[in-house]
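> quick one: sequence and predicted model below, then my questions.
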Amino acid sequence: MNDKKLARICWNSNNWQKPSGKLGKVKNNKSYETETGYGHEEWLLDVGKLVDGYHYAYIQAVGQHHAKYLGCTYDISFYTIDGVTKLRWWLGEILNVQVIESEESRKVYNVYKRKGWLNEMYAQLDAVDADTAQFKRISAVNFCCIKFLPEDIKLLEEPLPFYSGNPAVKSDYYNLKNRILVPEFGSFGEFIFASGGMGVKDRTSAVYRGKITDIDLVHNQIQKCLRELFDEQYGSVNVSVENLTGFGTKIDVVVRLGKSFVFYEIKTANTAKQCIREALSQLLEYSCYTNRNLAKRLVVVSPAKLTDEANTYLQNIRKLFNIPLFYQSIDLENKTLTKEA
């Protein structure tokens, strides 16, 4: 059996398939990430580039002490830290990670160069204003330090947050640690209704995959309006804003109706059809990702008026697939909400 190890990797909001930019990276004037705008592990899961069936990558935890680990094979668990929120995220593990020779790295580098993959990586760095020139200075023998088979990737469907001081991670250095245990995630993985919720601000940020991007002001105005309307209609104890799903995301608004729930997803696109398109997959995930369907109804809320064509589309979804999807249009000026369609 392989030794179980633990490694921190750079923050990335593109699933470690390509660089995601400076936001969320380490804020330290002396760190490599701060100086270059990218981390060593940006392409850790870019398994579209295989050489002889293996994906090759570089992780700082191994690369900075390469000679120490040379020829070893490990099962490595990974975590990352959001440099903005300081929250830690557990990602899962990759099995049978092999530490490779420098000469093998050189051969892989030449394959990447010949197939145009290096140029693709340069373009990805340019797209996020990272220091491409610094990346080009990396020698072929240091281009990668590990390899693994894609089928040995055993990462979580969604990263799970854990907090500083958790005994599973005793230091945040980019070194290869012995994995003692897996963090306890408390109620994570389970939907728990919690009335009230976060105060609605002019700006907010998504949980994990939102790249910490600002959600528009209209979205938050709608959220605030819905909370006021539903507090009056159902009682504040039955209304939740930004309710945790249990798997790393939040539902815009949840209303509790006895033992069942209604999930509301807010969209601000120009047409009802586009709002439905954007919201449907999220609502299905929120309701169906656990082992039971938690929502009695799924509702898309938007300022866009529902056209006859979009209404027919909704009815087809309900009739053909038995999905309880509905739509409500909101008037922010008058603080009114249409009936469910």
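Great, that's in hand. Note that the structure is predicted; figures quoted are calculated from it, not measured.

> CA atoms for contacts and neighbours, from now on please.
Will do.

> tell me where the chain has helices.
32-36, 60-63, 66-69, 102-115, 117-127, 132-136, 217-234, 272-288, 308-321 (DSSP state H).

> pick the most deeply packed of those helices.
helix 60-63 (a mean of 20; mean count of other C-alpha atoms under 10 Å).

> on that earlier part again, could you dump the helices of the chain to TSV with distance to residue 79?
Output for the helices of the chain, formatted as TSV (distance: least, C-alpha to C-alpha, whole Å):
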stretch	distance to residue 79
helix 32-36	16
helix 60-63	12
helix 66-69	20
helix 102-115	25
helix 117-127	22
helix 132-136	23
helix 217-234	31
helix 272-288	24
helix 308-321	38
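
> looking at the ones you listed, which is closest to residue 89?
Nearest of the helices of the chain to residue 89, taken as C-alpha to C-alpha: helix 60-63 at 16.9 Å.

> what lies in contact with that closest one?
7-9, 40-41, 69, 99, 142, 145-146, 174-176 (C-alpha atoms under 8 Å, 6 or more residues apart in numbering).

> pop the domain breakdown of this structure in here.
Using automatic domain parsing, the domain ranges for the chain come out as 3-178, 196-337.

> span of the last one from start to end?
Taking C-alpha to C-alpha, to the nearest Å as the measure, domain 196-337 stretches 20 Å from start to finish.

> pLDDT averaged over that domain - what is it?
Domain 196-337 carries an average pLDDT of 86.

> still on that earlier bit, okay, the domains of the chain in CSV with distance to residue 184 next?
What follows is the domains of the chain, written out as CSV (distance: least, C-alpha to C-alpha, whole Å):
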stretch, distance to residue 184
domain 3-178, 8
domain 196-337, 13
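
> make TSV out of the contacts of helix 60-63 and add pLDDT.
What follows is the contacts of helix 60-63, written out as TSV (pLDDT from 0 to 100):
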residue	pLDDT
7	97
8	96
9	97
40	92
41	97
69	97
99	98
142	97
145	98
146	98
174	92
175	94
176	96
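
> follow-up on the earlier one: compare the helices of the chain and give me the one nearest residue 16.
Per C-alpha to C-alpha, nearest to residue 16 of those: helix 117-127, 12.1 Å.

> against which helices or strands is that closest one packed?
helix 132-136 (3 or more C-alpha pairs under 8 Å, 6 or more residues apart in numbering; DSSP states H and E).

> pull the longest strand from this structure.
strand 88-99 (DSSP state E).

> contacts for that one, please.
Counting by C-alpha under 8 Å, 6+ apart, 2, 62, 66, 69-82, 145-149, 152-156, 158-164, 183 sit against strand 88-99.

> go through that strand and flag the buried ones.
88-99 (16 or more other C-alpha atoms under 10 Å).

> okay, those residues in a markdown table with distance to residue 56 next?
Putting the buried residues of strand 88-99 into a markdown table (distance: C-alpha to C-alpha, whole Å) gives the following:
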| residue | distance to residue 56 |
| --- | --- |
| 88 | 25 |
| 89 | 23 |
| 90 | 22 |
| 91 | 19 |
| 92 | 18 |
| 93 | 16 |
| 94 | 13 |
| 95 | 14 |
| 96 | 13 |
| 97 | 10 |
| 98 | 10 |
| 99 | 10 |
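
> now, among those residues, which is nearest to residue 18?
Checking these one by one against residue 18 (C-alpha to C-alpha), the nearest turns out to be residue 91, at 16.6 Å.

> and the gap between that closest one and residue 76?
As defined by C-alpha to C-alpha, residue 91 lies at a distance of 11 Å from residue 76.

> surely residue 255 and residue 243 touch.
No: Residue 255 is beyond contact range of residue 243, at 10.1 Å (criterion: C-alpha atoms under 8 Å).

> between these two, who's got more neighbours?
Between residue 255 and residue 243, residue 255 has the larger neighbour count (other C-alpha atoms under 10 Å), namely 25 against 22.

> for the more buried one, give me its contacts.
Neighbours of residue 255 in contact, by C-alpha under 8 Å, 6+ apart: 230, 234, 238-240, 261-263.

> what pairs with residue 331 across the strands?
Note on residue 331: beta-bridge partners by DSSP bridges are residue 336.

> run a quick neighbour tally on it.
Around residue 331 there are 15 residues (other C-alpha under 10 Å).

> that one reaches residue 303, doesn't it?
Yes: with contact defined as C-alpha under 8 Å, residue 331 reaches residue 303; the gap is 6.2 Å.
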